[in-house]
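give me the fold of what follows.
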Amino acid sequence: MTQPKFAKKPRDLVDGVLLLDKPVGFSSNDALIKAKRVLNAKKAGHTGTLDPFATGLLPLCFGEATKFSQDLLEADKTYLTTVHLGVRTDTGDTEGQAVETLPVDVTVEQIEAVLVRFRGPIAQVPPMYSALKRDGKPLYEYARAGVTLEREARNIVIHKLELISYEAPFLKLEVTCSKGTYIRVLGEDIGAALGCGAHLNALRRTGVGALQASNMITLDDLVAHTAPLSLLAPVDALLSSFPQVELTAELAKRFLQGQRLPLGKEPAVQTPADYEGRVRVYADGRLLGTGQLGEWAILKPERLIAAAQ
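Numbers count the residues shown, from 1 in each chain. Presented below is the predicted three-dimensional model:
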């Protein structure tokens with residue numbers, strides 16, 4: 001007898017941001033899939049990967065929030081990391097095999113002197129064990145096959161690099177860096193500069209742009225929560241670093257139609273003084289989307305919230 005087929009439960013239109021505390025051992029995509037299933041969300045995406053051995057802040061975007069996920073990909077990131085001096089691995093972290101072991105005989109003063117060299121704008125060569133692609137294939141596939149390819153150095157910025165503690169052979173650091181920075185490579189380069197080699201023993205992300213770890217939710221808490229949708233932050237949590245523009249009802253209608261607006265002639269419009277750049281746009285406290293505020297206070301619509309139209 002043929003078993004009846006049960007229709008899949010339709011996914012819900014869920015809008016918002018989940019500040020997930022990614023656990024160790026999960027890929028970013030695995031964590032996203034699990035959260036999406038718990039929330040029964042139709043559309044979701046993450047805002048930049050964390051390696052499986054890493055933990056911490058992984059903002060997940062749902063529904064309309066996915067329109068603004070690129071902003072977090074471009075944002076600065078903050079990490080706490082433990083660098084294991086004296087041991088190099090083929091991946092630069094604990095997931096690889098040790099390829100060299102050297103004695104560790106360095107002082108705090110030597111460490112501080114080396115850290116100075118890595119602050120500010122620097123050039124960094126991406127690792128072979130990365131998702132960067134060459135001829136359509138990720139570099140890690142070449143690395144696993146024993147092939148090493150030439151990689152061009154990329155310009156990055158280390159905004160903050162502070163020594164938290166040093167108990168040989170473990171070096172704990174706090175790093176705030178620009179997009180495209182590989183903390184694994186930073187740890188390896190610091191070890192090389194100290195003459196003893198190194199790999200990352202632990203990595204935890206604590207900040208993405210204006211988003212902070214203090215508001216994170218674990219996967220276990222998400223699964224156990226009786227009302228998981230209540231754990232979502234609003235869509236504009238992703239845009240808190242942008243100045244706010246409040247439109248009148250008439251201008252809001254025109255904005256949602258894609259029209260450019262001369263805000264300087266409208267007394268009921270609130271705009272940041274002498275500001276030019278990206279803004280978040282509201283009407284009656286409701287997010288309409290983002291826009292570019294240009295010369296002569298001309299507001300150009302950028303990304304719009306569908307529910308507002």
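
buried stuff in stretch 280-292?
280-283, 287-291 (16 or more other CB atoms under 10 Å). Heads up, the C-betas are built off the backbone N, CA and C, glycines and all.

got the contact list for that stretch?
Contacts of stretch 280-292 from elsewhere in the structure, counted by CB atoms under 8 Å, 6 or more residues apart in numbering, are 67-68, 234-236, 239, 242-249, 251-252, 255-256, 277-279, 299-305, 308.

got the end-to-end distance for that stretch?
End-to-end distance for stretch 280-292: 9 Å, by CA to CA, to the nearest Å.

same question for that stretch, mean pLDDT?
Mean pLDDT, stretch 280-292: 92.

next one: stretch 237-252
Stretch 237-252 comes out at a mean pLDDT of 89.

tell me how far the ends of it are from each other?
End-to-end for stretch 237-252, by CA to CA: 21 Å.

go on, stretch 227-243?
End residues of stretch 227-243 are separated by 32 Å (CA to CA).

okay, buried residues for it please.
Quick answer for stretch 227-243 (16+ other CB under 10 Å): 228-229, 231-233, 235-239, 242.

quick one: residue 53 is in a strand?
No. Assigned with DSSP: H, G, I helix; E, B strand; the rest coil, residue 53 falls outside any strand and is coil.

I'd say it and residue 94 touch.
Yes. Counting by CB atoms under 8 Å, residue 94 is a contact partner of residue 53 at 5.6 Å.

joint contacts of these two?
200, 202.

now the spatially closest residue to residue 247 that is not a sequence neighbour: how far from residue 71?
Among residues not flanking residue 247 along the chain, residue 283 sits closest, at 4.7 Å (CB to CB, 6 or more residues apart in numbering). Distance, residue 283 to residue 71, using CB to CB, to the nearest Å: 21 Å.

one more: residue 301?
16 Å.

if you count neighbours, what's buried in stretch 88-100?
88-94, 96.

could you pull up phi and psi at residue 114?
phi -70, psi -40 (degrees, to the nearest 10).

does it touch residue 193 like I think?
Yes. Using CB under 8 Å, residue 114 is in contact with residue 193, at 4.6 Å.

re earlier: which of the contacts of stretch 280-292 are buried?
Buried among these by 16+ other CB under 10 Å: 67-68, 235-236, 239, 242, 245-247, 251-252, 255-256, 279, 299, 301, 304-305, 308.
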